[in-house]
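Asker: Pasted the sequence and its predicted model underneath.
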Amino acid sequence: MTEPIRRAFLRQSMFLASGMLGSGAWAATGLSPLASTRHGQVRGYRDNGVNVFKGVRYGADTAPRRFMAPLAPHPWSGVRDALEHGPSSPQSSREDATSEDCLFLNVYTPALRDGVKRPVMFYIHGGAYNNGSGSSPLYDGVRLCRRGDVVVVTVNHRLNAFGYLYLARLGGAAYLDSGNAGQLDLILALQWVRDNIAEFGGDPSNVTVFGQSGGGAKIATLMAMPAAAGLFHRAATMSGQQVTASGPLNATLRAQALLDALKLPPQRAGEIRSIRYQRIVEVLGTRDPVLPFGGVSFAPVLDERNLLRHPFYPDAPSQSAHIPMMIGNTHDETRAFLGGDPANFALTWEGLPAKLASNMRVDIEPETVIAAYRKLYPALSASDLLFKITTASRSWRGAIIEAEERAKAGTPAFVYQLDWATPKDGGKFGAPHASDIQLVFDNIAKPGATAIGPQAQVMADMMSDAFIAFARSGVPAARQLPRWEPYDLMRRQTIIFDVPARMEDDPRGAERRLFAKVPYVQPGT
């Protein structure tokens, strides 16, 4: 509990103890707002005029139901504090609290029970399907809430093996939902929003899901899951796509690899439900038996139960055709992944092919690609081309495919590319993966933000206003932007977020055409 919140809470506790403030007048103080959910009451706090409720339980403890579909929480009596974030899903990369009891969400709202139907902006965090949490400072919803008079929700759910380890073909009926448990958590959270958000001043009939990286991929998958139909009404993905889900046979190979790492033979596979969760976390880095890209790839599974089709293959899902969609990427995605190695900024032309071979994630001759790029960009160095080629072949492809499929279906998406490069670190990272989060949330002063300089707030104003407008009307717009046209296959209209912003037809079209001849391989498939 932060010190200001602690002082306010203690001050009100003393008022109550002295009889100076009756429980019926609690919310009127403006210090500790009370909200009633279908499962019980929660007490939040005020932050710069915004009512904040952190760590609100939307699902029961998943530990007793490891690898199973989630359940709604048990009702509680009295008032529960909602002052701190709930635990994150078990994972290998976090130092804060993790637990299998991780089904908590956070709500930021201007007002409670005032009858105003505000757009709801439901954010799903990134970290692929392996890591992350809804409690990052960059996801704090106070500024976005104040800026747009919207209700912001962030969420935790099961990740990695706990959310996506497909055991149905190894363990029987108890595991039928195991490959999509994390997705089912998100559906349960969206059901909580449907049932409770009016209490928090939100409109359950106007819910926008937006998410970055893995969060965007989870959204693309939700768009094809029958159980998610009707739970959200707009969708925005930020550098996160899911063209194909994991196939059940490959997902079974991955599950077997994890069981082998745990030294559990097939006849003892059921023991994975009862071993310490920390032991499972220890083997998450087990090498993937299908793709040579590192640890076991966790992703939603085409299980013919919860997911009956691939998210964007062979076409855009018809169940979500009526939902307005934004699809975005950043100009220099892979500088976030590969830029941490100083050697990648000092590559020679001789060393570039081998570096590309392991990082393009598609099967094409590196020398052919290098030759094409040197003609397109003769002034760029080998290191520049490493980042440019890997971005186009790996991170950007899924976004293009999704935009194309929406256009083919006659329900085109609004497409953007973030080109604005922060001057931080001399501008060496350009506009890398995840650099749009701080701008969309208008959180450039939060820990972890990288946007600095005189243009940083201009960019935050532009992007946050565009997302708020999209949540409100289904059409992104901002004072600083030209009219945003939907993406079609003739022009491929794309808003370029920069200072100034512009509409551009088919940005990096030559790069797109080069890789269009190569089949796209979605990690996890």
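Answerer: Ah, there it is.
Asker: Quick check: Gly339 vs Ala434, distance?
Answerer: As defined by CB to CB, to the nearest Å, Gly339 lies at a distance of 12 Å from Ala434. The way it works is simple: take the backbone N, C-alpha and C, and place the C-beta from them, glycine included.
Asker: Tell me where the longest helix sits in the protein.
Answerer: Longest helix in the chain, counting residues (DSSP state H): helix 456-473.
Asker: Quick check: buried residues in stretch 280-291?
Answerer: 280-281, 283-284, 286, 288-291 (16 or more other CB atoms under 10 Å).
Asker: Between the residues you listed, which sits nearest Leu83?
Answerer: Of all these, Leu83 sits closest to Val281, with 27.5 Å by CB to CB.
Asker: ok so the closest one is a helix residue?
Answerer: Yes. Counting by DSSP: H, G, I helix; E, B strand; the rest coil, Val281 falls inside a helix.
Asker: can I assume it is in contact with Ser88?
Answerer: No. Under the criterion of CB atoms under 8 Å, Val281 makes no contact with Ser88, lying 11.8 Å away.
Asker: Please name the residues that touch Ile370.
Answerer: 349, 352-353, 356, 385, 389 (CB atoms under 8 Å, 6 or more residues apart in numbering).
Asker: Of those residues, which pair is most distant in space?
Answerer: Pairwise over the contacts of Ile370, using CB to CB, the maximum falls at Trp349 and Ile389, 13.0 Å.
Asker: Give me the more crowded residue out of these two.
Answerer: Taking other CB atoms under 10 Å, Trp349 and Ile389 do not tie; Ile389 has more neighbours (25 against 11).
Asker: Please identify the helix or strand for that one.
Answerer: Take DSSP states H and E as the rule and Ile389 turns out to sit in helix 382-390.
Asker: Check Ala255 too.
Answerer: Here Ala255 sits within helix 248-261, counting by DSSP H and E.
Asker: Repeat that for Ala336.
Answerer: Counting by DSSP H and E, Ala336 is part of helix 335-338.
Asker: Next, the buried residues of whichever helix or strand comes after that helix.
Answerer: Downstream of helix 335-338, the first helix or strand assigned by DSSP H and E is helix 352-357. By neighbour count on 16+ other CB under 10 Å, the buried set for helix 352-357 is 352, 355-356.
Asker: what's the answer for stretch 497-514, then?
Answerer: In stretch 497-514, counting by 16+ other CB under 10 Å, buried: 497-498, 501, 504, 507-508, 511-512, 514.
Asker: before we move on, what about stretch 81-91?
Answerer: Using 16+ other CB under 10 Å as the test for burial, stretch 81-91 gives 81-83, 85-91.
Asker: Please flag which of the residues you listed sit within strands.
Answerer: Asp81 (DSSP state E).
Asker: Now render the buried residues of stretch 81-91 as JSON lines, adding pLDDT and distance to Asp203.
Answerer: Formatted as JSON lines, the buried residues of stretch 81-91 follow (pLDDT from 0 to 100; distance: CB to CB, whole Å):
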{"residue": "Asp81", "pLDDT": "98", "distance to Asp203": "27"}
{"residue": "Ala82", "pLDDT": "98", "distance to Asp203": "21"}
{"residue": "Leu83", "pLDDT": "97", "distance to Asp203": "26"}
{"residue": "His85", "pLDDT": "97", "distance to Asp203": "25"}
{"residue": "Gly86", "pLDDT": "97", "distance to Asp203": "25"}
{"residue": "Pro87", "pLDDT": "97", "distance to Asp203": "30"}
{"residue": "Ser88", "pLDDT": "97", "distance to Asp203": "29"}
{"residue": "Ser89", "pLDDT": "97", "distance to Asp203": "29"}
{"residue": "Pro90", "pLDDT": "97", "distance to Asp203": "34"}
{"residue": "Gln91", "pLDDT": "96", "distance to Asp203": "33"}
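Asker: from the buried residues of stretch 81-91, which is closest to Asp363?
Answerer: Among these, and counting by CB to CB, the member closest to Asp363 is Gln91, at 30.6 Å.
Asker: how about the closest one, what does it touch?
Answerer: Counting by CB under 8 Å, 6+ apart, Gln91 has contacts 98, 127, 130-132, 159-160, 281, 284.
Asker: how about 7 Å then?
Answerer: 98, 130-131, 159-160, 281 (CB atoms under 7 Å, 6 or more residues apart in numbering).
Asker: Could you identify which of these has the most neighbours?
Answerer: So for the contacts of Gln91 (other CB under 10 Å), the most neighbours sit at Leu159, 28 neighbours.
Asker: OK, contacts around that residue?
Answerer: If you count contacts by CB under 7 Å, 6+ apart, Leu159 has them with 89, 91, 129-132, 182.
Asker: what's the answer for Arg309, then?
Answerer: Contacts of Arg309 (CB under 7 Å, 6+ apart): 224, 317.
Asker: Look at it and report its pLDDT.
Answerer: Listed pLDDT for Arg309 reads 98.
Asker: Same check on Arg6?
Answerer: 48.
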